[in-house]
Each structure stands twice: as structure tokens, then as C-alpha cells.
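> Next input, structure requested:
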Amino acid sequence: MTVDRIDSDFIYTIFEGVGSNTCSGDSGGPLFVQEAGTWVIAGVTSGGDTADCLSGSNDFANLRHAEIMGHVLGLVPAAEQR
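Sure thing, here's the model as predicted:
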């Protein structure tokens, strides 16, 4: 999976590999990235553009967006922010 572009609301990725892409039911799952050698959650699975779950583009809610992060912290107040 590679990052295609990022805006204030979403992180957009493209998956062209072998195996499985995000799929129906994955919404709410994490998008992990490495920052300074540490794995962190950068986004939350929101949607994609294919039904076969094998390739395509995906949208992840960008946790750097204050409203989105505020919602997450409202659900999981003990989550650690960096």
C-alpha cells in the first residue's frame, strides 16, 4: 500500500500488491505508519473503491484533523497522542 495523497480530512492510498486490500467490514480499523522508528496510527479505515478487496484506492480518516481526533479521544480517552 502506498500513500497517494493527503488532505486535512483523509489519507488516500493505493494498493496494487498481491494479497488483500481493505474490504467491507474493515471500517474503523487502523492505518499504521512508521514515525521515527515507531509504529503509530495515522488514520482510520473509512472506505475504498473496489468490491473484490484485491486492489484499488482507499480512504482513511486523517487523525491529524482535530475534529476526527477529538471524536476518537471521546471514545477512547486514554489513547496516547504524539
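> In this structure, mark out all the strands, start to finish.
Listed in chain order, the strands of the chain (DSSP state E) span 2-6, 10-15, 30-35, 38-48, 56-62.
> nearest to L75, of those strands?
When the strands of the chain are compared by Cβ to Cβ, strand 38-48 sits nearest L75, at 10.8 Å. Placement of C-beta: from N, CA and C, glycine included.
> Return the most buried member of the strands of the chain.
Burial of these is given as mean neighbour count (mean count of other Cβ atoms under 10 Å); strand 56-62 ranks first at a mean of 20.
> Contacts for that one, please.
By Cβ atoms under 8 Å, 6 or more residues apart in numbering, the surrounding residues in contact with strand 56-62 are 1, 4, 6-15, 21-22, 31, 42-50, 68.
> report the angle between the axes of that strand and strand 38-48?
Using axes from the mean of the first three to the mean of the last three Cα atoms, to 10 degrees, one finds that strand 56-62 and strand 38-48 are set 120 degrees apart in direction.
> quick one, strand 56-62 and strand 2-6 angle?
50 degrees.
> Within the sheet, what are the partner strands of strand 56-62, with directions?
strand 10-15 (antiparallel), strand 38-48 (antiparallel) (DSSP bridges).
> Now render those strands as JSON lines, adding mean pLDDT and distance to V72.
Output for these, formatted as JSON lines (pLDDT from 0 to 100; distance: least, Cβ to Cβ, whole Å):
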{"stretch": "strand 10-15", "mean pLDDT": "92", "distance to V72": "14"}
{"stretch": "strand 38-48", "mean pLDDT": "90", "distance to V72": "7"}
